[in-house]
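> Curious how this folds, go ahead:
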Amino acid sequence: MATPTQVPPEASAVILKPSEAVPESSISVRGPQFDKQYNLQDFLASYQQIGFQATSLSRAIEIVNHMVRHRDT
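Numbering: from 1, shown residues only. Predicted coordinates:
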């Protein structure tokens with residue numbers, strides 16, 4: 001059994017994995033730029049780079065906008 005300051009080997013093997021290279025196609029995540037003035041479209045577009053959940057929301061917004069634009073075609 002591990003002492004309180006040691007990580008059990010089973011946990012270490014599962015949790016402490018080597019890092020993988022970030023794909024070139026990845027979007028860089030940055031915090032929101034509150035020093036800029038935004039309209040609603042620009043603000044929602046900025047979600048693409050705010051963080052994981054915001055990036056997913058941004059992608060969903062893009063899909064809905066695409067569906068709306070192509071609804072009548």
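> which secondary structure elements does the longest helix that the chain contains contact?
Ordering each helix of the chain by length in residues (DSSP state H) puts helix 52-69 first. Packed against helix 52-69 by the contact rule (3 or more C-beta pairs under 8 Å, 6 or more residues apart in numbering; DSSP states H and E) you find helix 40-46. Every C-beta, even on glycine, is put in place using the N, C-alpha and C of the backbone.
> Buried residues in the helix it packs on, which are they?
Within helix 40-46, the residues that count as buried by 16 or more other C-beta atoms under 10 Å are 44, 46.
> what's it in contact with?
Applying C-beta atoms under 8 Å, 6 or more residues apart in numbering, the contact partners of helix 40-46 are 32-33, 36, 38, 58, 61.
> okay, these in TSV with pLDDT, neighbour count and distance to M67 next?
TSV is the format used below for the contacts of helix 40-46 (pLDDT from 0 to 100; neighbours: other C-beta atoms under 10 Å; distance: C-beta to C-beta, whole Å):
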residue	pLDDT	neighbour count	distance to M67
P32	71	14	26
Q33	74	12	28
K36	80	9	29
Y38	82	13	24
S58	82	18	15
I61	87	15	11
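> wait, doesn't S28 sit right on Q49?
Yes - counting by C-beta atoms under 8 Å, S28 does reach Q49; the two are 6.4 Å apart.
> the more surrounded of those two?
Q49 (16 against 7; other C-beta atoms under 10 Å).
> List phi and psi for that one.
phi -120, psi 10 (degrees, to the nearest 10).
> Now for this protein, the helix or strand with the poorest mean pLDDT.
Every helix and strand in the chain was compared by mean pLDDT, DSSP states H and E; the lowest is helix 40-46, with a mean of 81.
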